[in-house]
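**Student:** build me a structure from this.
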Amino acid sequence: MRWTKSLRGRLAAAMAVVFTIGAADVVIYIWDVDQDLRTHILDKQIDAILATVGTNPGVDAIGRLPTRFGEADWRFAIYDPTGALLLSRPDDGRPPPLLTGGKELKEARSSVISRPLGPNTLVVRKDDWQERQELQTLLRIELAGSTFVIAALGALSFLVVLTLAAWVLRSVNKAAALARHIDADDPGKRIPVDDLPMEIRPLAVAANGALERLARAYASERRFTAEAAHELRTPLAVLSLRLQKARADNSVDWESIDREMGQMTHLVGQLTALARAESHAALPPDREVLSMSRVVREAVADMMLLFENAEREVHVEVADGLYTRGNSGQMRQAVQNLLENALVHGTGHTTITLSEVSTSLRLEVSDEGSAPALNEVEELFDRFHKRRQTGPGSGLGLAIVRQIARNSGGDVAIASLDRFTVVMTLPSIKASTGR
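**Tutor:** Just a heads-up that it's a prediction; the model follows:
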């Protein structure tokens, strides 16, 4: 049913249920009033009848009570403590049944009530059918008037609910209209939440969060495309010139072409790694528990042959049982990038250490190269920045490392030491609890 998907329809249905329950309560209340009035009238009439025979009437006095009073037929019976019938008036063999003191019995056309009478029990039956008909007529008139009032209030409340729904939904419709204009040309727009009802605001906040993540992913994609085009322009131009020269000279310099192709392959791989790391940052966190000790050892093993070919020594100090959260493939790449940075741009002996400090893991990769000046430290993490612009590498390695570390809740910095030292810090967790 389409109306169940509408806020107005749901509010109207809720209001209808409330008024139905209210009408039922009125009917039940009037029914209770009917019963209470019967009991009250009966008590008052018995008091009036007994008042005619004194405050402590005997059996004989009860026998003289009238059997017609207040346009109703009355019957009286007296029972002794053993339950034996002492008196029945009128004496026609149909005495009212024995009830214990104070009890009341409602029959189809009459009411029966008992009163203590010394050691005995007085039972009175009243044929109140005519009174009940008159009373119910009065109550039906009262119910009809109440029903009219309830119906009028229901109609008025229904209009008020529709008006309030339109007022509440005005801010929602305004936010929806603005959301329809959010597109790639203006990804910074967000749904305004200040004027939204509190019940709807969490949905708008969640939608804004999703838009923010999509905007970051879109910006990362555009930045990746622009930077990839910029950085590939030069090696492609160089490769094109070498091919033109080879065609003109009828001689191919395969070594130079292979070197240029290797540089482009490495650059594309770094750009892809950076784009993948930034896309993970734009999405909700989905990090696994990983052994950082194992990741570091595997990364060192992957890079060891390159260090041996360059006749560079590597010293590894990795503590066992250190865990964090992150993407194992990206974390291994981050460690490899740090080692590659030391291999390509550093000199001498390279040291890699992994330890736990308080609630964090501390990974240090250092070589015997000189530390950068303080004003150059942050620039080294910029994209395509190299300390020597004519040197090898793409200038993306440290940018990738920092993004991966931040994806796991950590960060990367360059220590202020005599040696060139890169420090990565990551949250430490216990493998058994994942916390």
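
**Student:** run a quick neighbour tally on the nearest residue to Gly326 once chain neighbours are set aside.
**Tutor:** Of all residues not flanking Gly326 in the chain, Ser408 sits nearest, at 3.6 Å (C-beta to C-beta, 6 or more residues apart in numbering). Where you see a C-beta, it was placed from the backbone N, CA and C, and this is true even at glycine. Using other C-beta atoms under 10 Å, Ser408 has 23 neighbouring residues.

**Student:** phi and psi next, for Ser408.
**Tutor:** Torsion angles at Ser408 (phi, psi; degrees, to the nearest 10) stand at phi -100, psi 10.

**Student:** wait, it sits on Tyr323?
**Tutor:** No - with contact defined as C-beta atoms under 8 Å, Ser408 does not reach Tyr323; the gap is 11.5 Å.

**Student:** need the contact list for Pro95.
**Tutor:** The contact partners of Pro95, taken as C-beta atoms under 8 Å, 6 or more residues apart in numbering, are Arg75, Ala77, Leu85, Ser88, Val123.

**Student:** helix, strand or coil for it?
**Tutor:** Under DSSP: H, G, I helix; E, B strand; the rest coil, Pro95 falls in the coil class.

**Student:** again with Leu86
**Tutor:** Classification of Leu86 by three-state DSSP places it in strand.

**Student:** same check on the one 5 residues further on?
**Tutor:** In terms of secondary structure, Asp91 is coil; the call rests on three-state DSSP.

**Student:** what is the burial count for it?
**Tutor:** Neighbours of Asp91 (other C-beta under 10 Å): 10.

**Student:** what pLDDT is listed against it?
**Tutor:** On pLDDT, Asp91 comes in at 79.

**Student:** which stretches in the stretch 301-435 of the chain count as strands?
**Tutor:** 314-318, 323-326, 350-357, 360-370, 411-414, 419-427 (DSSP state E, counting those that start in this stretch).

**Student:** next: the stretch 51-200 of the chain.
**Tutor:** For the stretch 51-200 of the chain, applying DSSP E, counting those that start in this stretch gives strands covering 68-69, 72-79, 85-89, 104-106, 111-117, 120-127.

**Student:** direction included, what does the last one pair up with?
**Tutor:** Spelled out, it's strand 120-127. When pairing is defined by DSSP bridges, strand 120-127 lines up against strand 72-79 (antiparallel), strand 111-117 (antiparallel).

**Student:** most packed of those?
**Tutor:** strand 72-79 (a mean of 21; mean count of other C-beta atoms under 10 Å).

**Student:** neighbouring contacts of it?
**Tutor:** Contacts of strand 72-79 (C-beta under 8 Å, 6+ apart): 45, 49, 59, 62-63, 65-68, 85-90, 94-96, 98, 117, 120-128, 130-131.

**Student:** off-centre distance for it?
**Tutor:** Using C-alpha atoms, centre = their mean, to the nearest Å, the distance from the centre of strand 72-79 to the centre of the chain it belongs to is 70 Å.

**Student:** likewise stretch 350-358?
**Tutor:** Its chain's C-alpha centre and that of stretch 350-358 lie 40 Å apart, by C-alpha atoms, centre = their mean.

**Student:** report the mean per-residue pLDDT for it.
**Tutor:** Stretch 350-358 shows a mean pLDDT of 91.

**Student:** show me where the stretch 51-200 of the chain has its helices.
**Tutor:** For the stretch 51-200 of the chain, the helices defined by DSSP state H, counting those that start in this stretch occupy 59-63, 129-179.

**Student:** right, so these: which one is the most enclosed?
**Tutor:** Comparing those by mean count of other C-beta under 10 Å gives helix 59-63 as most buried, with a mean of 15.

**Student:** what helices or strands is it leaning on?
**Tutor:** Under the contact definition 3 or more C-beta pairs under 8 Å, 6 or more residues apart in numbering; DSSP states H and E, helix 59-63 sits against strand 72-79, strand 85-89.

**Student:** neighbouring contacts of stretch 351-362?
**Tutor:** Stretch 351-362 is contacted from outside by 292-293, 296, 300, 314-319, 322, 324, 335, 338-339, 363-367, 410, 423-428, using C-beta under 8 Å, 6+ apart.

**Student:** err, stretch 409-422, not the other one
**Tutor:** 324-325, 338, 341-342, 346, 360-361, 364-372, 374, 377, 380-381, 398, 401-402, 405, 423-427.

**Student:** surely Phe307 and Ala301 touch.
**Tutor:** No - using C-beta under 8 Å, Phe307 is not in contact with Ala301, being 10.9 Å away.

**Student:** more neighbours, those two?
**Tutor:** Shown here are Phe307 and Ala301; by other C-beta under 10 Å, Phe307 has more neighbours (16 against 10).

**Student:** could you find the closest non-adjacent residue to the more buried one?
**Tutor:** Nearest residue to Phe307, sequence neighbours excluded (C-beta to C-beta, 6+ apart): Val314, at 5.1 Å.

**Student:** lovely, talk soon.
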